[in-house]
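Colleague: how would this look folded up:
(2 chains)
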Amino acid sequence: MKKSGKRWTLEIIGLVLALLWISPFYLMIANAFKTKREIFTNTMKLPETFTFDNFVQAFEELTFLQTFMNSVLVTLLSVAIILFFSAMAAYALSRNGSKLSNIIFFVFVAAMLIPFQSVMIPLVTIFGKANALNFYGLIFMYLGFGCSLSIFLYHGALKGISKSLDEAATIDGCNRLQVFWYIIFPLLKPITITVGILNVIWIWNDFLLPSLVISGDGTDTIPLKLFLFFGQYTKQWHLALAGLTISIIPVIIAYFFAQKQIIKGVSDGAVK
Amino acid sequence: MRNKDFMFWLFLAPVLFALGTVVLLPLIYGIVYSFTDWDGVNAAEFIGVKNYVELFSDQGFLNSLWFTFKFSIASVIVINIMGLGLAMLVTSYIKSKNVLRTIFFMPNLIGGLILGFIWQFIFTKVFDAVGRATGIEWLQGWLSDSQTGFWGMVILMSWQMAGYIMIIYIAYLENVPKDLLEAAQIDGANGWQRFRNITFPLVMPAFTVSLFLTLSNAFKIYDQNLSLTNGGPFDSTKMVAMDIVQTAFQLNQMAEAQAKAVIFFIIVAIISLTQVYINKKKEVEM
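Modeller: Here you go, the predicted model:
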């Protein structure tokens, strides 16, 4: 009796907290359906009449399909490159074991300490001089910023894969590249998912780096476009909120389908 | 794969090249630039530590540094208490725990820029409407002074990161043996005693991880600062990261900005190295 009373107390606390947690999303969505005038008089309640005009206008001004595709392209390309090259490097480092490879590994780990703002000014200057402040430059930069953590996580996972596998495959006539691609990389699949999720979340939401590299050149990602859009409609919350809602929808859909993997990936990435 | 093997270097080449040109070279360049009068256009001249000396009398920079420190400390405390609380709630025997986990973690997936805009609406419009309707004065005028700007940032950051820290605590809480807790309960230990003597010591490593993770994240924050307050009013909520970006790309004072960036790097490195040191020390003890 006492136990179930306590359980109900916890359930109610959980319910209240959950409502509190999603209330910002509720306020965003509810007000995105209101007219400019109604937001002023009725901020908390559901809209009296739902209007889709805000969404239509926001969708057009964000050129949302194009912007969404830009985000998808930047994210997928960058993450694919990060995964492939980091796994390859971690494999080489873990199967070498010399002092030099330990030093190289240490450099990658130490590079994780460097905050973006400490390198961004020379980075933009150097890449500007090389005419590489564009879409491809951005993807290359993501490899540079993303490879450290990825190599670190892959390196940890590779310790659990026996070297005798490499040897057996070599005897069977595989070269190093084949051993890596056909034997090792498939075995790394669980950690690849973790590393992939961490990098997707980071790159999808990243704002400052793309704002310095690709802003306004037609490959604007969602955060970039949204920032411009927001600046334009700063006192017009009905449009701004509709734009925010549209931008969040793809993330919510992805989360809905892959929440177990996402939470596990984030947890593994943080604890290791 | 030995050092002199071609394959070894082939496998490493892409990431070494990327890290070198994207991170290491700019870091070295940046340190060198910070000792010059470089303005981004004209050739730089070496001026020694002048930029650094001037930083110490640059009230704007000192204010943003102080604000960033205060914000980081407050966020670390709030986020960790909330994160641990949420973790304990969703690892208890309640039915809704999986749904709750999903909800608490959700803000984490969305970019700081978007979250900042949403909360700007809540603080300036919703708080205001509620304040006017109920006559509660402290709900009105949020983000219009540095104090509400400060707490606005803390609330936003806590709402976003508590779910993330919760995930870390969950990983450790789930390792606490259930039979140990049951045995203690049979022996007459109450809830607080079980938490204090069993759960807490076993979850201790999670504190180190979480504290430093929140500390360095809070210290480096930019997007949320930009979208929630944009540093205002009158630069009173401008944090170091934003100060560096503005000094560089709005004022075009590249060398001064780079000196700030080097100080920023040193502080972040000290925070992270302290964590590494504490972790290493613990490993030896165990």
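Colleague: Over to A:I114. Which of the three states is it?
Modeller: coil (DSSP: H, G, I helix; E, B strand; the rest coil).
Colleague: what about it, neighbour count?
Modeller: Number of residues near A:I114 (other C-beta atoms under 10 Å in any protein chain shown) recorded here: 20. From N, CA and C alone the C-beta is placed, and that goes for glycine too.
Colleague: Phi and psi next, for it.
Modeller: phi -80, psi 120 (degrees, to the nearest 10).
Colleague: same check, this time on B:N190
Modeller: phi -80, psi 180.
Colleague: How much space separates the residue in the stretch 51-200 of chain B that chain A sits nearest to from A:V266?
Modeller: Among all residues of the stretch 51-200 of chain B, B:G111 sits closest to chain A, at 3.1 Å; criterion: C-beta to the nearest C-beta. In this structure, B:G111 and A:V266 are 15 Å apart, going by C-beta to C-beta, to the nearest Å.
Colleague: between these two, which one's more packed in?
Modeller: More crowded of B:G111 and A:V266, by other C-beta under 10 Å: B:G111, with 24 against 21.
Colleague: how much space is there between the more buried one and A:M69?
Modeller: According to C-beta to C-beta, B:G111 and A:M69 sit 18 Å apart.
Colleague: Please, which helix or strand holds the residue most central in space within chain A?
Modeller: With distances taken as C-alpha atoms, centre = their mean, the residue of chain A nearest its centroid is A:I201 (1.6 Å). Taking DSSP states H and E as the definition, A:I201 sits inside helix A:189-205.
Colleague: Contact partners for whatever residue of the stretch 151-272 of chain A ends up closest to chain B?
Modeller: Per C-beta to the nearest C-beta, A:N205 is where the stretch 151-272 of chain A lies closest to chain B, at 3.1 Å. By C-beta atoms under 8 Å, 6 or more residues apart in numbering or on different chains, the contact set of A:N205 is A:223, B:109-114, B:223.
Colleague: Report how many residues lie close to the closest residue to B:V203 other than its chain neighbours.
Modeller: Spatially, and ignoring its direct neighbours in sequence, B:V203 is nearest to B:Y172 (4.7 Å; C-beta to C-beta, 6 or more residues apart in numbering or on different chains). For B:Y172, the tally of surrounding residues (other C-beta under 10 Å) stands at 21.
Colleague: cool, and A:L187?
Modeller: For A:L187, the count of nearby residues is 15 (other C-beta under 10 Å).
Colleague: Am I right that it is in contact with A:I161?
Modeller: Yes. Counting by C-beta atoms under 8 Å, A:I161 is a contact partner of A:L187 at 5.6 Å.
Colleague: hang on, the earlier thing: element containing the residue nearest to B:V203, please.
Modeller: Using DSSP H and E, B:Y172 falls in helix B:146-173.
Colleague: What is the neighbour count of the residue in chain A positioned nearest to chain B?
Modeller: Across chain A, no residue is closer to chain B than A:G144, which sits at 2.6 Å (C-beta to the nearest C-beta). By other C-beta under 10 Å, the residues close to A:G144 number 23.
Colleague: Just confirm it contacts B:T21, I think it does.
Modeller: Yes. Using C-beta under 8 Å, A:G144 is in contact with B:T21, at 6.7 Å.
Colleague: Out of the contacts of A:N205, which comes closest to B:A206?
Modeller: Nearest to B:A206 out of those is B:L109 (C-beta to C-beta; 21.4 Å).
Colleague: Measure how buried that closest one is and give me the count.
Modeller: Neighbour count of B:L109, defined by other C-beta under 10 Å: 23.
Colleague: again, but for the one 3 residues further on
Modeller: The tally of other residues near B:G112 (other C-beta under 10 Å) stands at 25.
Colleague: what's near enough to touch A:F207?
Modeller: Counting by C-beta under 8 Å, 6+ apart, A:F207 touches A:223-224, A:227, B:111-113, B:222-223, B:226.
Colleague: on that earlier part again, Provide a list of residues in contact with the residue of chain A closest to chain B.
Modeller: A:G144 makes contacts with B:18-19, B:21-23, as judged by C-beta under 8 Å, 6+ apart.
Colleague: Show me chain A divided up by domain.
Modeller: Chain A breaks down into these domains under automatic domain parsing: A:2-41, A:62-271.
Colleague: ranking those by mean pLDDT, which is last?
Modeller: Mean pLDDT is lowest for domain A:2-41 out of those, coming in at a mean of 89.
Colleague: What residues of it count as buried?
Modeller: If you call a residue buried by 16 or more other C-beta atoms under 10 Å in any protein chain shown, then domain A:2-41 has these buried ones: A:10-11, A:14, A:17-18, A:21, A:24-25, A:27-34, A:38-39.
Colleague: Cross-check these against chain B and keep the overlap.
Modeller: For chain B, the contacts drawn from the buried residues of domain A:2-41 by C-beta under 8 Å from any C-beta of the partner chain are A:10-11, A:14, A:17-18, A:21, A:24-25, A:27-28, A:31, A:39.
Colleague: hang on, the earlier thing: could you measure the residue of chain A closest to chain B against B:I168, distance?
Modeller: 27 Å.
Colleague: and what of A:Y182?
Modeller: In terms of C-beta to C-beta, A:Y182 sits 35 Å off from B:I168.
Colleague: Settle it for me: which of the two has more neighbours?
Modeller: Shown here are A:Y182 and B:I168; by other C-beta under 10 Å, B:I168 has more neighbours (25 against 11).
Colleague: Touching, that one and B:L213? I think so.
Modeller: Yes. If you go by C-beta under 8 Å, B:I168 and B:L213 touch, sitting 7.4 Å apart.
Colleague: okay, and the common contacts of the two?
Modeller: A:A270.
Colleague: Output the below-cut-off pLDDT ranges for chain B.
Modeller: For chain B, residues meeting the criterion pLDDT under 70 lie at B:1-4, B:282-286.
Colleague: which residues in the chain form helices?
Modeller: I went with chain A, as the question did not name one. Assigned by DSSP state H, chain A shows helices spanning A:2-32, A:36-41, A:53-61, A:64-94, A:99-111, A:116-129, A:135-158, A:163-171, A:176-178, A:185-187, A:189-205, A:208-213, A:222-232, A:237-271.
Colleague: Correction: the question concerned chain B.
Modeller: Taking DSSP H as the criterion, chain B contains helices spanning B:6-19, B:25-33, B:50-55, B:59-90, B:97-105, B:112-121, B:127-134, B:146-173, B:178-186, B:191-194, B:200-219, B:223-228, B:240-249, B:254-285.
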